[in-house]
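Asks: Give me a 3D structure for the following:
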Amino acid sequence: MLCCKFLGSTPLSSSPITTTINSVKLFSDKKTSYHCTVTNCSTKSDVSMDSAAKTHAPTFEFLSKKTYTPPSWAAHLNPVPSQIYSLGNFPTPIHKWNLHNLPKNTEVYLKRDDLSGMQLSGNKVRKLEFLIAEAVAEGADCIITIGGIQSNHCRATAVAAKYLNLDCYLILRTSKVLVDKDPGLTGNLLVERLVGAHIDLVSKEEYASVGAVALTNILKEKLLSEGRKPYVIPVGGSNSLGTWGYIEAVREIQEQLQKNGGELAFDDIVVACGSGGTIAGLSVASSLSNLGAKVHAYCVCDDPEYFYDYAQGLLDGLEARVNSRDIVEIKNAKGLGYAMNTEEELKFVGEIAESTGIVLDPVYSGKAVYGMMKDMAENPEKWEGRKVLFVHTGGLLGLFEKTEQIIPLLGKWRRMDIHESVTRKEGTGKMF
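Replies: Numbers count the residues shown, from 1 in each chain. Next up, the predicted model:
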């Protein structure tokens, strides 16, 4: 199995929280500075990451800003990002996936982008490495983004922003009966609120009638009027700049295959599609590089035609001069609708976890694998003898919103039967 390199350092924080341990104040209640007597160090929130790196040795790759050099086969794309922030634990592992009932001689492998981090995890991290770098370069002091109430992208953005001492404002879409209520702490919301993200709720009806771009612009204008310097990241981080995240991922896959001896080559790459940036990056990079794998996307919202057009816009923004319909196959896997699941889909997620140990999120990868396996069953000749790489895009926290639906599908629990003949003595078992 290929392994993942983990690099880390303690993230800076500007959260105005006072913490006292054994009468020692660890953080001041002022947002502009904080002090840590335990490590005998102090920092200012207005100190840049660059100056911090220069004054503290040794430096670490994680959370560092680097000059970006594109792969040679993508150097003609325009514009090419100049900088990138290291936000994820890359490369993520690739390993064989012991799925059952595959077509004859078909092998499926997993690209574990769900392991790109913990609270900052999933495919969104790759896009944010470029988007956050641009925000910092432009002098932003806060980030605005938008998504569903359990948006993995919004959670990742909130964490990434706080890592770099930027405030984060999230516009989250929810039902009209919940829009005026506290959104709670389930799943992604818990992490977002723990790291201090500012949350604005809108109803699905408002979202549909006003639109994501207009909603983020409304908040941007409000923050500008207050003297802030906001940087707007679109839904899913899916713009032409964010597309570079998965162009870079293809270079990573190539390097992993080379380090593995070059004996393995992938015929197909399969991934979920929710906003379009990931499939645009994977497909254009696979077509330009010598990876040469056919990209299959399973969309979990909207429809294939929408994503062909949206991906085309991202590719045109890079002057890629390719037709999206020539480099990616998009199939519909939304089922009942975005973030909505049938009992069969949730049962499938549970069966995959129980049989292979891989936990899929129900919104993205769960539906994509369900769609892939269904296609393999219905069209086995299409997949026979092929080596397939499935990109697991994370989203595990989304499962927590589905617990009431999942509980009836799971079993294997019982009260342990301890026979009356077993000796009992109070205090024998120590409870920690």
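
Asks: Next, residue 297: phi, psi?
Replies: phi -120, psi 140 (degrees, to the nearest 10).

Asks: One more: residue 170?
Replies: In terms of degrees, to the nearest 10, the main-chain angles of residue 170 are phi -110, psi 130.

Asks: Now for the spatially closest residue to residue 397 that is not a sequence neighbour, how many residues are close by?
Replies: For residue 397, the nearest residue in space outside its immediate sequence neighbours is residue 187; the separation is 4.2 Å by CB to CB, 6 or more residues apart in numbering. In this view, the C-beta of every residue, glycine as well, is placed from N, C-alpha and C. Using other CB atoms under 10 Å, residue 187 is surrounded by 23 other residues.

Asks: mind listing what residue 187 touches?
Replies: Neighbouring residues of residue 187 by CB atoms under 8 Å, 6 or more residues apart in numbering: 150, 397-401.

Asks: How about the secondary structure of residue 110?
Replies: Of the three states, residue 110 takes strand according to DSSP: H, G, I helix; E, B strand; the rest coil.

Asks: related to what we said a few turns ago, go through the contacts of residue 187 and flag which are in strands.
Replies: Secondary structure assignment by DSSP state E places none of the contacts of residue 187 in strands.

Asks: so which two of these are the farthest from each other?
Replies: Largest separation among the contacts of residue 187 by CB to CB: 150 and 399, giving 9.8 Å.

Asks: Give me the more crowded residue out of those two.
Replies: The neighbour comparison of residue 150 against residue 399 (other CB under 10 Å) goes to residue 150, with 27 against 20.

Asks: Let's test this: name the helix or strand in the protein with the lowest mean pLDDT.
Replies: Among the helical and strand segments of the chain, the one scoring lowest on mean pLDDT, DSSP states H and E is strand 33-36, with a mean of 32.

Asks: Please enumerate the helices of this structure.
Replies: Ranges of helices in the chain, per DSSP state H, are 49-55, 124-137, 152-163, 188-194, 204-210, 212-225, 240-259, 277-288, 304-317, 324-327, 343-356, 365-378, 380-383, 403-406.

Asks: Kindly export the third one (C-alpha atoms) in PDB.
Replies: What follows is helix 152-163, C-alpha atoms only, in PDB (Å, rounded to 0.1, in the frame of the first residue of the first chain):
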ATOM      1  CA  ASN A 152     -18.200  19.900   3.500                       C
ATOM      2  CA  HIS A 153     -16.700  22.800   1.500                       C
ATOM      3  CA  CYS A 154     -18.000  25.400   4.000                       C
ATOM      4  CA  ARG A 155     -16.600  23.400   6.900                       C
ATOM      5  CA  ALA A 156     -13.200  23.000   5.200                       C
ATOM      6  CA  THR A 157     -13.100  26.700   4.300                       C
ATOM      7  CA  ALA A 158     -13.900  27.800   7.900                       C
ATOM      8  CA  VAL A 159     -11.000  25.700   9.200                       C
ATOM      9  CA  ALA A 160      -8.600  26.800   6.500                       C
ATOM     10  CA  ALA A 161      -9.500  30.400   7.100                       C
ATOM     11  CA  LYS A 162      -8.900  30.200  10.800                       C
ATOM     12  CA  TYR A 163      -5.600  28.400  10.300                       C
END
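
Asks: If you count contacts, what does that helix end up packed against?
Replies: Using 3 or more CB pairs under 8 Å, 6 or more residues apart in numbering; DSSP states H and E, the elements in contact with helix 152-163 are helix 124-137, strand 142-148, strand 167-174, helix 188-194.

Asks: what's the closest of those to residue 86?
Replies: In this view, the helices and strands packed on helix 152-163 are compared for proximity to residue 86 by CB to CB, and helix 124-137 is the closest at 6.9 Å.

Asks: returning to that earlier point: between the helices and strands packed on helix 152-163, which gets nearest to residue 246?
Replies: Put simply, out of those the one that sits nearest residue 246 is helix 124-137, at 6.1 Å, with distance taken as CB to CB.

Asks: Now do the nearest residue to residue 275 once chain neighbours are set aside: how many residues are near it, please.
Replies: In space, not counting the residues next to it along the chain, residue 275 is nearest to residue 236; the distance is 2.7 Å by CB to CB, 6+ apart. Neighbouring residues of residue 236 were enumerated by other CB under 10 Å; the total is 24.

Asks: Then residue 93?
Replies: Using other CB under 10 Å, the number of residues around residue 93 comes to 16.

Asks: same question, residue 416
Replies: A count of neighbours around residue 416, defined by other CB under 10 Å, yields 4.

Asks: cool, residue 403 as well?
Replies: By the criterion of other CB under 10 Å, residue 403 has 11 neighbours.

Asks: ok, now which ones touch the residue lying closest to residue 288 once chain neighbours are set aside?
Replies: Ranked by CB to CB, 6+ apart and with sequence neighbours excluded, the top spatial neighbour of residue 288 is residue 73, at 4.7 Å. Counting by CB under 8 Å, 6+ apart, residue 73 touches 285, 288-290.

Asks: ok, the residue most central in space within the chain to residue 390 distance?
Replies: In the chain, the C-alpha nearest the mean C-alpha coordinate belongs to residue 122, at 2.8 Å (CA atoms, centre = their mean). According to CB to CB, to the nearest Å, residue 122 and residue 390 sit 14 Å apart.

Asks: now stretch 146-158: how far from the chain's centre is it?
Replies: 9 Å (CA atoms, centre = their mean, to the nearest Å).

Asks: Can you measure across that stretch, start residue to end residue?
Replies: Across stretch 146-158, the terminal residues are separated by 11 Å (CA to CA, to the nearest Å).

Asks: got it, and stretch 353-373?
Replies: Termini of stretch 353-373 sit 15 Å apart (CA to CA).

Asks: how about low-confidence regions in the stretch 151-300 of the chain?
Replies: Scanning the stretch 151-300 of the chain for pLDDT under 70 picks out no residues.

Asks: 90 instead?
Replies: Along the stretch 151-300 of the chain, segments meeting pLDDT under 90 span 262.

Asks: so how many other residues sit close to residue 302?
Replies: By other CB under 10 Å, the residues close to residue 302 number 17.

Asks: tell me the phi and psi of it?
Replies: Residue torsions, per degrees, to the nearest 10, at residue 302 are phi 50, psi -140.
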